[in-house]
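Make a model of this:
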Amino acid sequence: MSIVNKLETIIRGGQRSARVKYKTSLSEFNRSISLIIDREQLVLNIIEKIKQLTQFKAIYIYLLNSDFQRFELINQKKTPKTEYRYIFPRNSNLIFWLKTNETYLILSERPGVLNFFNEPEQKLLRELDIDIIYPLWVMNKLRGIVLFQRGDSKRARKKVDMELLNILLDQTMIALENATLYEQQQERLRRMYRADRLAVIGQLAAGTVHEIRNPLASIRSSLQYLQTDVQDNERYEIFSGVIKEVDRINEILQDLLSFSRVKEPCKES
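Okay, here's the model as predicted:
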């Protein structure tokens, strides 16, 4: 069933003007998020569109960072405190509740659930005046959380609006996943490009080292030969000092040559 058909089922029996309004708004929402690749811009667009359709005051979107094993607030400019920017799954009763119940939570309808969460989570939800906690699922895995601040009207708590919110957030998660994958791909390309550049620099360095070391060896040999005929101690020390400097240049070139070589991976038990 298409998104538009789902929406028509949700509001079937309502006024024609309402159906047209919702269909138009949802069509604009899908079109706007499908044209944006930059994740930051996408998040701002999504939040503004959802706020327009649901009349929430503020929306906070957390996405899972698998590298650090935490949910990170991706619209950080809206958060009032630094400690609200991360939710850590390992010690989070909030994450445990969402994974166990596999549904959204409306705190105004179930206020007792708030006591189940740990103290920092309760503080976050109270100070941000959160009413709805909505999980974002991808392939049966919790990949994000959306927190909705209470709105000025009761519209956001009606069943129809929650169904609409479900549709909007399904599309939101798809768009965010695509934007994240695009960012990751761009980062991989940047790393590949940087690796290629380093490889070229290494090849140039290796060639340059060989070109310098050959005449440097001749210079050192000539200095040693001339030093054998020097009788004056002061001049002898001058020759010795120059030879040491040549050796120092040679060591620098050796380090540069070692850096330019591709090292085989080393396995450690």
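
Pull out the buried positions in stretch 85-98.
Counting neighbours by 16 or more other C-beta atoms under 10 Å, one finds that the buried residues in stretch 85-98 are 87, 92, 94, 95, 97, 98. Placement of C-beta: from N, CA and C, glycine included.

packing partners for the helix ranked longest in the chain?
Under DSSP state H, the helix in the chain containing the largest number of residues is helix 159-227. Other helices and strands packing on helix 159-227, by 3 or more C-beta pairs under 8 Å, 6 or more residues apart in numbering; DSSP states H and E, are helix 3-10, helix 16-34, helix 39-54, strand 59-65, strand 130-138, strand 141-149, helix 233-260.

what angle sits between the shortest one and helix 159-227?
What separates the directions of strand 59-65 and helix 159-227 is an angle of 50 degrees, with axes from the mean of the first three to the mean of the last three C-alpha atoms, to 10 degrees.

Parallel or antiparallel, which strands does strand 59-65 pair with?
Using DSSP bridges, the neighbouring strands of strand 59-65 in the sheet come out as strand 70-73 (antiparallel), strand 141-149 (antiparallel).

need these in a markdown table with mean neighbour count and mean pLDDT, can you?
Listed next are the strands paired with strand 59-65 as a markdown table, based on neighbours: other C-beta atoms under 10 Å; pLDDT from 0 to 100:
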| stretch | mean neighbour count | mean pLDDT |
| --- | --- | --- |
| strand 70-73 | 18 | 89 |
| strand 141-149 | 20 | 89 |
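
which one of those strands lies closest to residue 240?
Using C-beta to C-beta as the criterion, the shortest distance between residue 240 and the strands paired with strand 59-65 is 60.7 Å, found for strand 70-73.

Pull that closest one out as CSV, backbone CA atoms only.
As requested, the backbone C-alpha atoms of strand 70-73 are provided in CSV (Å, rounded to 0.1, in the frame of the first residue of the first chain):
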residue,chain,number,x,y,z
ARG,A,70,25.8,5.6,21.6
PHE,A,71,22.8,7.5,20.3
GLU,A,72,23.8,11.0,19.2
LEU,A,73,21.6,14.1,18.9
